[in-house]
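>>> here you go, sequence then predicted model.
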Amino acid sequence: MSLTARPLPPVTEADHSLGPQDAPVTLVEYGDLECQLCGEAHPVVERVRAHFGDRLRFVFRHFPIPSAHPHAQLAAEASEAAAAQGAFWPLFHKLYENQQHLERADLDSYAGELGLDLAAFDAALADGRYSQPIKDGFRAGLRAGVNGTPTFFINGQHYAGERDFAAMTAAIEQAMAQ
Amino acid sequence: MDEQQKARLAVGDNAPDFKLKSSTGGEMGLSDLKGRPAVIIFYPFDWSGTCSSQLNIIQEVLPEFEQYDAQVIGISADSIFSHKAWAEQMHLSFPILSDWGGKTIAAFGVANPDGAANRVTIVLDKDGKVLMRDEGANRGVVPEVTKVFETLEQQGGANAK
């Protein structure tokens, strides 16, 4: 199947999301957990989330670029392994806050700190069960117009503005007004 | 600027001839590309965040181009020494050509006033004619790779494997 353009896949139960499902605005991030620009955007997104509270739903989708970020794919798989134990977001935050330390042992260490079942966590990473779904998500993102990381969509519209608090809150407020 | 406007290629134009040093060794030019469709990615600078992610995404989907028997090259005005170091660090396996001095960039009509390339992707057919030219709204905006695949898909039939 060719990489021709397709619409942004709709947000579903399968997505990792924070905030109410019926929030007036949904912010989707396509990110790479080892990407420096994503790491820099992370605290901005956290501040934006705190600012809007229940008026904003935030969704994170994986878009790892392993040729640039050799730890990104496994970090993404680790977050999915954590998700299987109900801990996607705690590990997600840890990974974004520790982008310089994403070796295999670091991932185990974070999983341990979060009290995850390490045997199950390791088994999931060892058999690569999340590898293909993440690669499929990468392709779907690419077809929806993701052309770098991080890429944001506000209510399904590609956000091409600055990744700072003022610009992002203004764009989200504009979407709320529509 | 007038010179650049005049030089801007339109769909159906023949690509100008060129011969440039490649990150993969030796030189590469238009004559080497003929016979197969070619995707030429002009970009401003090695080492910048946007360029890196742009070319890394191309690297990630490189096998997809083979479906169309298409070649992919990058061109910027950086030196061949910069290209080789950058391509190695970024694990870019496709040729990155050095247009030191910017003559090819100008000939393709993709030069910024600073002499480096704007972010423009051009698709050539097997005879070196322009099939598609897509430019980011500004240097920070990457042309969508989906448009390249749509062009190759349309070209499809005759050239696709």
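All right, it came through fine.

>>> mind listing the residues bridging to the closest residue to B:Leu124 other than its chain neighbours?
Leaving aside its sequence neighbours, B:Leu124 sits nearest to B:Ala38 (CB to CB, 6 or more residues apart in numbering or on different chains; 4.5 Å). Yep, even glycine has a C-beta here, placed from its N, CA and C like the rest. Beta-bridge pairing for B:Ala38 (DSSP bridges): B:Gln71, B:Leu124.

>>> how about A:Thr151?
Residues in beta-bridge contact with A:Thr151 (DSSP bridges): A:Tyr30.

>>> quick check: it touching A:Leu142?
No: at 10.0 Å, A:Thr151 and A:Leu142 do not qualify as touching, with contact defined as CB atoms under 8 Å.

>>> would you mind confirming that the residue nearest to B:Leu124 makes contact with B:Asp69?
No: in this structure, B:Ala38 is not within contact of B:Asp69 by CB under 8 Å, at 10.3 Å.

>>> who has more neighbours out of the two?
More crowded of B:Ala38 and B:Asp69, by other CB atoms under 10 Å in any protein chain shown: B:Ala38, with 22 against 14.

>>> mind checking how far that one is from A:Val11?
38 Å (CB to CB, to the nearest Å).

>>> B:Leu152 now?
Distance, B:Leu152 to A:Val11, using CB to CB: 31 Å.

>>> who has more neighbours, these two?
B:Leu152 (26 against 16).

>>> next, A:Val28: phi, psi?
phi -110, psi 130 (degrees, to the nearest 10).

>>> what segments of chain B are strands?
Applying DSSP state E to chain B gives strands spanning B:19-22, B:27-29, B:38-42, B:71-76, B:96-98, B:120-124, B:130-135.

>>> contacts for the third one, please.
Counting contacts by CB atoms under 8 Å, 6 or more residues apart in numbering or on different chains, the residues outside strand B:38-42 that touch it are B:15, B:54-55, B:58, B:65, B:70-76, B:105, B:108, B:110, B:117-124, B:128, B:148, B:152.

>>> report the buried members of those.
Among the contacts of strand B:38-42, those classed as buried by 16 or more other CB atoms under 10 Å in any protein chain shown are B:15, B:54-55, B:58, B:65, B:70-76, B:105, B:108, B:110, B:117-124, B:128, B:148, B:152.

>>> got the contact list for the longest helix along chain A?
Longest helix in chain A by number of residues, with DSSP state H as the criterion: helix A:36-52. Residues outside helix A:36-52 that contact it (CB under 8 Å, 6+ apart) are A:18-19, A:25, A:27, A:29, A:31-32, A:56, A:58, A:96-97, A:99, A:149-150, A:163-165, A:168-169, A:172, B:49, B:53.

>>> what's across from the spatially most central residue of chain A in the sheet?
Central residue of chain A (CA atoms, centre = their mean): A:Phe60, 3.0 Å from the mean position. When bridges are called by DSSP bridges, A:Phe60 pairs up with A:His16, A:Glu29.

>>> isn't it up against A:His93?
No: at 10.5 Å, A:Phe60 does not count as touching A:His93 under the criterion of CB under 8 Å.

>>> now do the shared contacts for those two.
Contacts common to A:Phe60 and A:His93, judged by CB under 8 Å, 6+ apart, are absent.

>>> in stretch A:82-99, which residues are buried?
For stretch A:82-99, using 16+ other CB under 10 Å, the buried residues are A:82-83, A:85, A:87-92, A:94-96, A:98-99.

>>> closest to chain B among those?
Checking the buried residues of stretch A:82-99 against chain B with CB to the nearest CB, the nearest one is A:Gln99 at 14.0 Å.

>>> so that closest one, which of the three states?
Recorded secondary structure, A:Gln99: coil (DSSP: H, G, I helix; E, B strand; the rest coil).

>>> what about it, distance to A:Ala72?
From A:Gln99 to A:Ala72 the distance is 10 Å (CB to CB).
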